[in-house]
Each structure stands twice: as C-alpha cells, then as structure tokens.
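Peer 1: Provided below for reference: sequence and predicted model.
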Amino acid sequence: MGYCGLRRRVDQTGVSLLPELRYPSVNELVSSARALAAHRPGLCSFRQVGSSRAGRPLHLLSVGHAQRAVLVVAGAHANEPTGGSTLLALAERALRDRELRADTAWHFLLCADPDGASLHVTPAPRSLLDYHLGFYRPAGPEQPEWSPSVLPPDRLPPETRALMGVIDAVRPYLQVTLHGTDVGGSWVQLTKDIPGLAEPFAKSAAELHIPVETGASDAAGWPASGPGVHVMPAPGSHAAYPSMPDDARHSTWYHAHRYGGLTAVVEVPMWASDLVDDPAPHPAPAAAIRRLADRLLRDGLEVERVLADALPRPAGPEVPLLRAARWALELVPGLAADWTRTPPADTTMAYVGSVDAFGRRLPLRAAAMLLRVLRETDDRAAPRLEHLVTVWSEAFMDRFRARWVPLEHQVEHQARTVLAAARHAREGAAPRS
C-alpha cells in the first residue's frame, strides 16, 4: 500500500502523520487527524462525537461523502496501541486513493477509550517487562466495546454510547475494530463471514513474517473460514468459556448488524511466536491443558496473597488500576475450570500454545497493575510483585521464543487486512437504500 510504517514522514498533503518508531499518543492522533481535515476541508470532516467518563473528547475523522460507509475504530483496549497508527495510515490512503473513496466514505474513531489510553504508558516498549511496567487494561464494565455484555443498557458508559451513536449515524456495511496482542500471532474475528478474506490475510502475514494464530483461545470452538479467520457463533449459542462474563456476541460488534453490516476484529502481535501457528494435533491435550489450568490457579493465588496483604494499607477510593487488577483475578478460577471441562475436539498445538499464553497473561497483568498501585505509596509489598512481574515476563518471552515485530510491519499487516475486508465485504454487501 506504499506506506512506510512509523518513521516520521510527510505525505502528499504536507502533513506529518506519525511519530518516529513509537506508538502515537491520543493527542498526537488528534493533531494529525485535525491537520488532515484542515488541509482537505472539502473532502474531510473532523468532529467530536462524545466524551469519556473523565470528560476527554472522542473524535471522528471522516473522509469522503458516499452513502456506503466503513467505520474503523482504534483504541478500544488501552494496552493494544497499534490501532492508532494503523488508523492514520488508512486515513492517508483514503485521501490519496480516489478509487478507495469513490463510492465509500471512511470514518475513523480515533480512540474509543481515551481515559484508558491515559493510563497505559508504554508507547515504545523495549521488552515485555517494559510493556508490563506501564500496563493498564480496564475492568470489563469499563471497556467500551465489552460493557454491553456485562451491564444493563441504562448503565452503559458514555464511551459505549458514543460508539453506538456513530454506528447509528454512519450505518457501516463494515465496522473494523483494531486490536492486538502482546505475544502470539495475528488473527481475525468476524461477526459474519467475509468470503475471500482468508487468502489476502494469510498472504500479508507470510510476507511480513507474522505468524497466523490458527488456534486462538479467544475463538475456541468457532468455525473458521480459513486459517486464523474465525466467525463468531450466533447470539444464544453455547459459549466456549461459560465463566467469562464478557461474551463477544453481546458486544458493540453486533450493533452494526441492525443496518445489515458486520464487524471484523483485526488482531496483530507486538512480539511474534511460531508456537501459535502450528496446526498439528497435540499428542496429549487434556493433560497439557490441565497443567496450564493448575499453573493459572497457582499464579493467580500468588497475586491474590499480595493483594490481601496490601489491601489494608492503600488509602482513598479504589483507583482504576486496582479495579482492573481485581477484575482480572476474579476471572481466574472460572477460566481454569472452563479449560479442563472439555478440551475442543481435534485440539492442535496452536490452541494449546494460545491457552498457555492466555494463562500467563492474566495473572501477569493483574500483578503489573497492582504493582503500579503499590509503587505509588512505596508499599512494602511492591518488591515482591516486581519480582513476579520480572520473572513472569522473562519466562513468557523465553517459552514462546518471542521476537519483536517491527512497528511498520504491525501497521502494514493490519492496514492490508482492513482494506481486504472492506473490499470483500463490499462485494457481498447489499446496496444502501
């Protein structure tokens, strides 16, 4: 697509879009989008579409005036930073390419959770440990896309209402939400199948040396239209992990369906591992997953002990980091039970690898966020947690033989997949009335 990645550059509009070799902040995203709109006012618009719980604005950049629309959402999860850079790359492409916008308007929600983005503070992580020392991911009810699956309609946060309002306004035939993972591979989740997407997705991943996560635990039991391209079961069908409260089928991803649209969730890794791209059958899946569940329970309990010891000391209201750490720990027992109840049929090496990563990720994230809380007060339990976060981060990297994916490759692959999804979904979409 002619896009050179995250190195600072000036495009044909004269606007410098991306900071060098790091993920842009929300303020930088806003500045770049505002400059684009100012440079091409007849083609672009830039407006505020809502406010966060803390009063931070949510902005929408629109390119083109066609009735048929694609909506691209970045920043739904604060700890998944690639999407903001990808969004700017796509906005640049939509401005350059007349054919791309000939009969399609492109709408870009710059950051769905600016409050969360203000708390995740690793724009250029040097290592997985560095990433976790600045880690933040909100509790489920505070996540814009997930909150409808865990909260009643009258208690949805303003970020969720703003996102749903944008979907209502532009009625996209395709919504794409840009996500990512720390260690693993790339995969796509679809609320409806997009025939033809699997081939360009796989080709892009291969060209950029990014493994395809063929057995993503997030999509356990889902049908696949190709390696790494998973189609969500219909609402009301059996959930693979019944204990998980945030069921994707009740998220904002399905809001586009009322207008005949669908949602694609495009995941890219920061660090790649070939362990999640092995389709071979696992020789002893039940025993392997049982061991992983036992480790998850053991690690979760270790963080719980530190939390129980520290809880009497922090003063004042419970901060978002502490709420998020509690939320993660509360998921541990049920998830471990789900894993051991009935492993999927034909369990692959890739699926066990994905479960292994998930099992390491959950207590590590809880420990990292709790560490940030305790460091604020110089609590005596902080060194104990710092040791856990350090050891677990290093073990995660070693076990998965993880390698950094160049930032420009993360962005390029995600952008290519969005464009392929838009092209193939458009071919199957009904004309707008």
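Peer 2: The structure has been received and is ready for your questions.

Peer 1: check the offset of stretch 234-251 from the chain's centre.
Peer 2: From the chain centre to the centre of stretch 234-251 is a distance of 17 Å (Cα atoms, centre = their mean, to the nearest Å).

Peer 1: what is the end-to-end distance of that stretch?
Peer 2: Length of stretch 234-251, first residue to last, Cα to Cα, to the nearest Å: 12 Å.

Peer 1: tell me the average confidence for it?
Peer 2: Regarding stretch 234-251, the rounded mean pLDDT is 74.

Peer 1: over to stretch 403-410?
Peer 2: Regarding stretch 403-410, the rounded mean pLDDT is 95.

Peer 1: please spell out which residues along the lengthiest helix in the chain are buried.
Peer 2: Across the chain, the longest stretch assigned as helix under DSSP state H is helix 349-376. For helix 349-376, the buried set under the neighbour-count rule, 16 or more other Cβ atoms under 10 Å, comprises 349-374. C-betas here are computed from N, CA, C, even on glycine.

Peer 1: please apply the same query to stretch 35-47.
Peer 2: Ala35, Leu36, Ala37, Cys44, Ser45, Phe46.

Peer 1: with stretch 388-399 instead?
Peer 2: Burial within stretch 388-399, assessed by neighbour count using 16+ other Cβ under 10 Å, is assigned to Leu388, Val389, Trp392, Ser393, Phe396, Met397.

Peer 1: can you tell me which residues contact the residue nearest the centre of the chain?
Peer 2: Centroid-nearest residue in the chain, with Cα atoms, centre = their mean: His179, separated by 2.5 Å. Contacts for His179 (Cβ atoms under 8 Å, 6 or more residues apart in numbering) come out as Ala76, His77, Glu80, Gly83, Val265, Val266, Glu267, Val268.

Peer 1: so it sits in a strand?
Peer 2: Yes - with the criterion set as DSSP: H, G, I helix; E, B strand; the rest coil, the secondary structure at His179 is a strand.

Peer 1: bridging residues for it?
Peer 2: Here His179 sits in beta bridges with Glu267, going by DSSP bridges.

Peer 1: gap between it and Gly300?
Peer 2: Using Cβ to Cβ, to the nearest Å, we find His179 at a distance of 24 Å from Gly300.

Peer 1: could you do Ala382 as well?
Peer 2: Distance of Ala382 to Gly300, computed by Cβ to Cβ: 19 Å.

Peer 1: of these two, who's got more company?
Peer 2: The neighbour count for Ala382 versus Gly300, taken as other Cβ atoms under 10 Å, is higher for Gly300 (23 against 19).

Peer 1: buried residues, the host helix or strand of that one. List them.
Peer 2: Using DSSP states H and E, Gly300 falls within helix 285-310. Within helix 285-310, the residues that count as buried by 16+ other Cβ under 10 Å are 285, 288-289, 292-293, 296-297, 299-300, 302-304, 306-307, 310.

Peer 1: could you identify the least confident member of these?
Peer 2: Ala310 (85).

Peer 1: which non-adjacent residue is nearest it?
Peer 2: Nearest residue to Ala310, sequence neighbours excluded (Cβ to Cβ, 6 or more residues apart in numbering): Ala381, at 4.5 Å.

Peer 1: residue contacts, that neighbour?
Peer 2: So Ala381 contacts Val306, Asp309, Ala310, Leu374 (Cβ under 8 Å, 6+ apart).

Peer 1: Gly226 too?
Peer 2: If you count contacts by Cβ under 8 Å, 6+ apart, Gly226 has them with Leu197, Ala198, Glu199, Phe201, Ala202.

Peer 1: low pLDDT regions in the stretch 51-200 of the chain?
Peer 2: Of all residues in the stretch 51-200 of the chain, none has pLDDT under 70.

Peer 1: do a quick rundown of the strands in the stretch 1-150 of the chain.
Peer 2: Per DSSP state E, counting those that start in this stretch, the stretch 1-150 of the chain carries strands over the ranges 44-51, 57-63, 69-73, 105-109.
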